[in-house]
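In: 3D, please:
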Amino acid sequence: MTRATPSPGKLRPMRASACLFAALLALGAGACGPFEPHRIEIQQGNIVDAEALADLRVGMTQRQVLFLLGSPVIRDPFNEGRWDYVYYVSLAGQPARARRLTLFFEGDTLARINDRYSDGAS
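Out: The predicted structure follows:
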């Protein structure tokens, strides 16, 4: 069985349209300026708003803290008196930011609050 090859005259219109399409694509991409890929916003962890943080006080019970802030992202199985609320956000074109709120309990009572914030610039 032999395959019939198309005559050279039939290929020219297809090649011309492909070249025209490539040229238009290159012109269109150049008109838009430098190409930047789309970057999505990434948020992970607990969002602790300023109002809730202002209401947080040493001496609160674990139940009161849970009601105010919700469940922590990290509960250390080897240290039940430590809760970590971690938040990370990465926005397109901006350095990533992170916040780590660590709460230390003695028994059922909040004993110490450690709030660390980094803006990714350092």
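In: Show me where the protein has its helices.
Out: In the chain, the segments counted as helices under DSSP state H are 8-31, 50-55, 62-69.
In: Buried residues in the last one, which are they?
Out: The reference is to helix 62-69. Under the neighbour-count criterion of 16 or more other C-beta atoms under 10 Å, helix 62-69 has 62, 64, 65, 69 buried. Backbone N, C-alpha and C define where each C-beta goes, glycine included.
In: That one - what's its average pLDDT?
Out: For helix 62-69, the mean pLDDT works out to 94.
In: what's it in contact with?
Out: With C-beta atoms under 8 Å, 6 or more residues apart in numbering as the test, helix 62-69 has contacts from 46, 48, 52, 55-56, 60, 83, 85, 101, 103, 105, 108, 110.
In: Can you flag which of these belong to strands?
Out: 83, 85, 101, 103, 105, 110 (DSSP state E).
In: quick revisit: looking at the contacts of helix 62-69, which one is closest to residue 118?
Out: Nearest to residue 118, judged by C-beta to C-beta, of these is residue 101 at 12.7 Å.
In: Please name the residues that touch the nearest residue to the closest one once chain neighbours are set aside.
Out: Nearest residue to residue 101, sequence neighbours excluded (C-beta to C-beta, 6 or more residues apart in numbering): residue 85, at 4.1 Å. For residue 85, the contacting residues are 45, 46, 48, 69, 72, 73, 99, 100, 101, 102, 103, by C-beta under 8 Å, 6+ apart.
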